[in-house]
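Visitor: sequence and predicted structure, then a few things I'm wondering about:
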Amino acid sequence: MRMMLKASLDTEKANDAVRSGTLGKLIGESMEQIKPEAAYFTAEGGKRTAFVFFDLKDPSDIPSISEPLFLNLGAELTYTPVMNSEEVETGLGKVR
């Protein structure tokens, strides 16, 4: 299922990772594991935030995706199922 992962990083933990030079490595490792369709990085609510779109093959993958972000960056995570325009059209075709 296509998912959007919103990851808002704890400012102090992310600052420490920037100072130690590990933030890029941590994000890179997460992206390598997730293999996103797209990933966007911004600031939202004063926090470094990522919006990552990827195929979640099995719900049991959620802990292995989440825990490094929780443990290393104090992230607040939200998983949201999403659709592209073709999937919306297909879904609307099922409405009776």
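Guide: It's in. Numbering: from 1, shown residues only.
Visitor: then the helix or strand that contains Glu87 to CSV, C-alphas only?
Guide: Remark: Glu87 resides in helix 85-93, with elements defined by DSSP states H and E. Coordinates of the C-alpha atoms in helix 85-93 are reproduced here as CSV (Å, rounded to 0.1, in the frame of the first residue of the first chain):
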residue,chain,number,x,y,z
SER,A,85,-4.9,10.0,-9.5
GLU,A,86,-5.3,6.7,-11.3
GLU,A,87,-6.1,4.9,-8.0
VAL,A,88,-8.7,7.6,-7.1
GLU,A,89,-10.3,7.1,-10.5
THR,A,90,-10.4,3.3,-10.0
GLY,A,91,-11.9,3.8,-6.5
LEU,A,92,-14.5,6.2,-7.8
GLY,A,93,-15.5,3.6,-10.4
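Visitor: in that helix, which residues are buried?
Guide: Neighbour counts over helix 85-93 (16 or more other C-beta atoms under 10 Å) mark no residue as buried. Every C-beta, even on glycine, is put in place using the N, C-alpha and C of the backbone.
Visitor: all helices for the chain, in order.
Guide: In the chain, the helices defined using DSSP state H lie at 11-20, 23-34, 62-73, 85-93.
Visitor: quick check: phi and psi on the residue lying closest to Arg48 once chain neighbours are set aside?
Guide: Residue nearest to Arg48 in three dimensions, not counting chain neighbours: Leu9, with 4.4 Å by C-beta to C-beta, 6 or more residues apart in numbering. Main-chain torsions, Leu9, degrees, to the nearest 10: phi -90, psi 140.
Visitor: what about Thr49, how many neighbours?
Guide: Thr49 has 17 neighbours, counted by other C-beta atoms under 10 Å.
Visitor: parallel or antiparallel, list what pairs with the strand ranked longest in the chain.
Guide: What stands out as the longest strand in the chain, according to DSSP state E, is strand 47-55. Under the criterion DSSP bridges, strand 47-55 sits next to strand 2-8 (antiparallel), strand 38-44 (antiparallel) in its sheet.
Visitor: and it with helix 11-20, angle?
Guide: 90 degrees (axes from the mean of the first three to the mean of the last three C-alpha atoms, to 10 degrees).
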